[in-house]
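K.L.:
Predicted model, plus sequence, below.
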Amino acid sequence: MAMHVAEHAAAPPAMSRARASDPPKLTPRTWSISRVAATAAAGGLGALFFAVTAWMAFARHAAFNTGRYDLEIYTQVVWNLSQGNGFATTLLKTNLSHLAEHVALVLVPLAGLYWLFPDPRLLLGVHQLALALLGWPLFVTARRALGSDLQALIVLACFYLTPSLGGIALDDFHAVPLATVPLATGLALVMGGRARLGAAVALLALPMEEETALAVGGLGALLWLRRERVLGTVVGMTAIFWLAAIVFVVMPRFHDPRTLGTVDGNRTLNHFAELREQPAKLADRLFGERGRDAALWLGVPTGGLAMLSPATLAVGAPTFAALMLQDRDDTFGRHWAIPLTVSLWFATALGLARLPHGPRRVTGLGLLIFGTAFSYLAVGPLPGGGRFDRDALRPDERTALLERAVERVPAGAIVVASPNVVAHLANRPEAYVFPIDSHYDEGLGWRRKRPDFYALDLTDELTSRATISERLNPLNADRPFHVWSPGRKVLVLSDGPPPTPTNALDARFGGRLLLKGYDLEQTSEGTRVVLHWERYDDLRGRYDRELTVSDASGATVLYEEDMALSQTYGSNKWKLGQTIMDEILVPPTDRPTRMRIAWVAQDKRRPFQLEDGAEAFEIVLPGGR
């Protein structure tokens, strides 16, 4: 038996009388068992999208591949809000308040959640949830317009597979996807004949994130085209005045006066400096690489059907213009494009509805499926897509080392970290991106600030290049930092008194190098040994630390020809009075082992001798698994 519950919408005029500029009117539908199943399927598609993108976002974060696209900034801002410190951040290049660059009041309630769960993964999860929820108002609109649950599900599936949505999902965290949820809901209500309620809901997007003002203004234009002239004018003017107040009053008010000159007095307008100076470049934008990106990431997936509903495209037109005109190129697969993506897919559903049932509708569906599949295989970042990066999701040896490095930085300490590490350390008042000298505007004065810690991943290209520089490398500081290295190309530098080893020693090699002691820690992976070294006299030439661990029978358990740190910071570079913490992981054994430590010249012929004439120092390690 069918279950009938009326859905109210304005009755449509005959299709032949509809103007080309108007979207199709939405027809009343009734609920049935099949429609309940279709609704469940739509929810399942959203849940699947959320599960896949959340898994990828969490895996990328765990593998230290986030933080390059603003996760570290939003993490610190939300953490500061949760601690009552307002929108403060030390991670912006030219400002100390996030309000100088974005007015995203949605972060305030989010900070309440973050106070309970202070982990960047909360932000990543909320980001994916918002994107998944955007599919529901699209599905409701498509189902009403198309008169077919199956066709609406096809539109929804293609929406979730469009490359721009996948790119936005993996664009760390931003507030604008959250703000687009009321915008999309309001648009669906407008299309369902509830214009006033839809406009009221859509206006909620404005205080959530100011970038949505462009799309809200576009919604005002849509209402005007739908003959809701007064309502459309009110919505459009509200969006314009809101955006103008944010851009010309609020943001400049919070912009640090020391750096205001670097953006010609207004950071937002500075994004369009190139075209203001060279208007002829607009043609290059439209028909060059940026235009091709817009087509491949956004246009091709719709199969061109969005063009059949030009009035609906008005919602996304201001956003499209801003993305096309601003100075940066990587825009159509990033968070800025989400309001445009949503409006484009509403136009796609309504454009498809303009095709009469039969061969034309089937052809339209075929174009939609083909266009989505083509673009997904070309540039899609989700599994199976042309830009799916499996390696970015995989933890490796470096991941474990970076986890240990993050654990070594105490809460509240001032830290400078590699771009891919700083998001893991952003829950603190002061965290900075390495290298400070090239990342931040000089006016902020961060270059004169000495941090408590550095956490460096030398596999990061920017970090690696900076450590080659005499000026940028913190290992060249006049007052040396103490150095701890858990393994190859991962360093933690610390200021202040050197850590005291738990097992003190006074083993002196060649009157040059001092083994001050060692720490022991039993782990599931084996015995972790940290040797504390200090150079206390001149050292000519390069010497390598040679280490052999043997069991009771004399069999070699572990052999290291040199410290992993030596590739970056060899013993000949160590500073007087500087402590070097050299970490070794000894494989698990049931019985005690003997660690033999020697320092030999690189030609392996001239070992340093200890004061008693021995060429090596031995430490007995306890067994245990």
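P.N.:
Looks like it came in fine.

K.L.:
Please count neighbours and contacts with C-alpha atoms only from this point.
P.N.:
OK.

K.L.:
Now do the helices in the stretch 301-450 of the chain.
P.N.:
With DSSP state H, counting those that start in this stretch as the criterion, the stretch 301-450 of the chain has helices at 310-313, 317-325, 338-353, 359-379, 397-408, 436-439.

K.L.:
Tell me who's in contact with Ala175.
P.N.:
Ala175 is in contact with Ala104, Val106, Leu107, His127, Met208, Glu209, counting by C-alpha atoms under 8 Å, 6 or more residues apart in numbering.

K.L.:
still on that earlier bit, most tightly packed of the helices of the stretch 301-450 of the chain?
P.N.:
helix 338-353 (a mean of 28; mean count of other C-alpha atoms under 10 Å).

K.L.:
elements contacting that helix?
P.N.:
helix 135-146, helix 149-161, helix 163-169, helix 176-191, helix 310-313, helix 317-325, helix 359-379 (3 or more C-alpha pairs under 8 Å, 6 or more residues apart in numbering; DSSP states H and E).

K.L.:
Phi first, then psi, for the residue positioned nearest the centre of the chain.
P.N.:
In the chain, the centroid-proximal residue (C-alpha atoms, centre = their mean) is Asp172; its distance is 2.0 Å. Per-residue torsions, Asp172: phi 50, psi -130 (degrees, to the nearest 10).

K.L.:
thought it was touching Leu124?
P.N.:
Yes - the criterion here is C-alpha atoms under 8 Å, and Asp172 meets it with Leu124 at 6.7 Å.

K.L.:
Check the contact lists of these two and give me the overlap.
P.N.:
Ala57.

K.L.:
still on that earlier bit, specify which member of the contacts of Ala175 is nearest to Pro480.
P.N.:
Leu107 (39.6 Å; C-alpha to C-alpha).

K.L.:
Let me know how buried the closest one is, in neighbour terms.
P.N.:
24 (other C-alpha atoms under 10 Å).

K.L.:
now do the one 3 residues further on
P.N.:
The local packing count at Leu110 equals 17, with neighbours defined by other C-alpha under 10 Å.

K.L.:
mind showing which ranges of the protein have poor pLDDT?
P.N.:
Flagging of the chain using pLDDT under 70 yields the residue ranges 1-32, 603-605, 624-625.

K.L.:
re earlier: same list, the helices of the stretch 301-450 of the chain, but as CSV with distance to Thr259 please.
P.N.:
What follows is the helices of the stretch 301-450 of the chain, written out as CSV (distance: least, C-alpha to C-alpha, whole Å):
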stretch, distance to Thr259
helix 310-313, 38
helix 317-325, 24
helix 338-353, 30
helix 359-379, 37
helix 397-408, 31
helix 436-439, 13
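
K.L.:
quick one: which of those helices is nearest Leu203?
P.N.:
helix 338-353 (13.5 Å).

K.L.:
Output that closest one as CSV, nothing but the C-alphas.
P.N.:
C-alpha atoms of helix 338-353 as CSV (Å, rounded to 0.1, in the frame of the first residue of the first chain):
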residue,chain,number,x,y,z
ILE,A,338,32.0,25.6,-2.7
PRO,A,339,29.1,28.2,-3.1
LEU,A,340,29.7,28.1,-6.9
THR,A,341,29.7,24.3,-6.9
VAL,A,342,26.4,24.1,-5.1
SER,A,343,24.6,26.7,-7.3
LEU,A,344,26.0,25.0,-10.4
TRP,A,345,24.5,21.7,-9.4
PHE,A,346,21.1,23.2,-8.5
ALA,A,347,21.2,24.7,-12.0
THR,A,348,22.2,21.2,-13.4
ALA,A,349,19.2,19.5,-11.7
LEU,A,350,16.8,22.2,-12.9
GLY,A,351,18.4,22.3,-16.4
LEU,A,352,17.9,18.5,-16.7
ALA,A,353,14.2,19.0,-15.7
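
K.L.:
Give me the angle between it and helix 135-146.
P.N.:
For helix 338-353 against helix 135-146, the angle by axes from the mean of the first three to the mean of the last three C-alpha atoms, to 10 degrees is 20 degrees.

K.L.:
what's helix 338-353 in contact with?
P.N.:
23-24, 134, 138, 141-142, 145-146, 152, 155, 159, 164-165, 168, 176-177, 180, 184, 212, 215, 298, 302, 304-310, 312-313, 315-317, 319-320, 361, 364-365.

K.L.:
any idea which element Pro486 lies in?
P.N.:
strand 482-487 (DSSP states H and E).

K.L.:
Report the next helix or strand after that strand in sequence order.
P.N.:
strand 490-494.

K.L.:
Please name the nearest non-neighbouring residue to Thr185.
P.N.:
Pro137 (5.5 Å; C-alpha to C-alpha, 6 or more residues apart in numbering).

K.L.:
Okay, strands next: where are they in the protein?
P.N.:
Applying DSSP state E to the chain gives strands spanning 415-417, 431-433, 453-457, 482-487, 490-494, 503-509, 513-523, 526-535, 543-550, 556-560, 579-586, 593-601, 617-621.

K.L.:
Mind jotting down where the helices sit in the stretch 1-150 of the chain?
P.N.:
Going by DSSP H, counting those that start in this stretch, the stretch 1-150 of the chain shows helices at 33-62, 71-82, 107-116, 120-133, 135-146, 149-161.

K.L.:
what do you get for the stretch 151-300 of the chain?
P.N.:
Using DSSP H, counting those that start in this stretch, helices in the stretch 151-300 of the chain cover 163-169, 176-191, 195-203, 205-208, 213-225, 229-245, 251-254, 267-270, 273-277, 282-287, 289-294.

K.L.:
among the helices of the stretch 301-450 of the chain, which is nearest Glu618?
P.N.:
Nearest of these to Glu618, taken as C-alpha to C-alpha: helix 397-408 at 26.1 Å.

K.L.:
now the angle from that closest one to strand 490-494?
P.N.:
Using the same axes, to 10 degrees: helix 397-408 against strand 490-494 is 20 degrees.

K.L.:
Pull up the gap between the residue nearest to Leu401 when sequence neighbours are not counted and Val492, please.
P.N.:
Distances taken as C-alpha to C-alpha, 6+ apart put Pro486 closest to Leu401, at 6.0 Å, once the chain neighbours are dropped. Using C-alpha to C-alpha, to the nearest Å, we find Pro486 at a distance of 9 Å from Val492.
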